[in-house]
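**Q** Turn this into a model:
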Amino acid sequence: MRLEKVRSLLARLAQGQHVDESPIEADESLTESERELGRLVLPLLRSRRSLEKELGEVAGKARALEAALDQMPVPALVLGPDGKLLASNRGAVELLQGPGVPYPLLREAWAACTAREPGERRVALGGLGKGPLELRVVPMAREAGAGDVRVVLLLRVGAVWAFDRARLSKLHGLTPKEAEVVEFVALGLTNKEIGERLDVAPETIRTHISSALLKTGAKNRAALVSVAFAALLGLTAGE
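**A** Okay, the predicted model is just below:
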């Protein structure tokens, strides 16, 4: 094979000038061995371009997710389907006093993600002060483009967070009253306590919760909490 001809051929293929083998076969200036090289290289280049496109899309989604997380008033970790830490927001970096995540916390966060039933887990870590943390998992819906990525919120036990009721209503078609009740559920209030705050009977609160479960697709009260926290991300909670 001629070295300069091979270099020219590889350069044309790398630049995407050939998307199939027909131009290679039609180029009479190529020898058979040069054509054979082109046939071998072309599939590899197609795979590379496809991979580069996929990686670009994933990177774009990751950047969008990180930007959304940094807007949250809640410290959060993002774990991949294998339990590895993918990202953490500014709130988590401040809480943990650096970008590193202690292994006991990461272990408990993954255990919360893989629990059979959604719910909360508590973990006490030395050096952080102000008592233990409460871990809440926000499964990301597949339409959000996150696959099996999980967001784990790091909440101070007893902390109160301001939810965006308007966003919650928009995402799930809840009435303003249903969104308010879901917020109180996420804050850990019982039906009786919510009823006392809103000056209505617990049975009315139960009706609002039943309607919210139906509209959001949440299977139980714990899953409804995930829905409320997912709204902080502007997302719907997945299974």
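
**Q** how deep is Glu57 tucked in, by neighbour count?
**A** 11 (other Cβ atoms under 10 Å). C-beta: built from backbone N, CA, C; applies to glycine.

**Q** For it, pull up the helix or strand it's in.
**A** If you go by DSSP states H and E, Glu57 is part of helix 32-71.

**Q** Equivalent analysis for Leu171, please.
**A** Using DSSP H and E, Leu171 falls within helix 165-172.

**Q** what do you get for Pro81?
**A** Using DSSP H and E, Pro81 falls outside every helix and strand.

**Q** returning to that earlier point: what residues does the helix holding Leu171 touch?
**A** Helix 165-172 has contacts (Cβ atoms under 8 Å, 6 or more residues apart in numbering) with 174-176, 178-180, 182-183, 212, 215-216, 227-228, 231, 234-236.

**Q** Quick one: name whatever helix or strand follows that helix.
**A** Assigned by DSSP H and E, the successor of helix 165-172 is helix 176-186.

**Q** could you give the mean pLDDT of that next one?
**A** Throughout helix 176-186, pLDDT has a mean value of 91.

**Q** Go ahead and confirm Pro81 touches Trp110.
**A** No: in this structure, Pro81 is not within contact of Trp110 by Cβ atoms under 8 Å, at 10.5 Å.

**Q** how about Gly80, phi and psi?
**A** Main-chain torsions, Gly80, degrees, to the nearest 10: phi -80, psi 180.

**Q** Please name the nearest non-neighbouring residue to it.
**A** Leu86 (5.1 Å; Cβ to Cβ, 6 or more residues apart in numbering).

**Q** Helix or strand for the one you found, just tell me which one.
**A** strand 85-88.

**Q** okay, that strand in CSV with CA atoms only?
**A** The C-alpha trace of strand 85-88 is given here as CSV (Å, rounded to 0.1, in the frame of the first residue of the first chain):
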residue,chain,number,x,y,z
LEU,A,85,-21.1,8.8,43.3
LEU,A,86,-21.7,10.8,40.1
ALA,A,87,-22.1,14.3,41.5
SER,A,88,-23.0,16.4,44.5
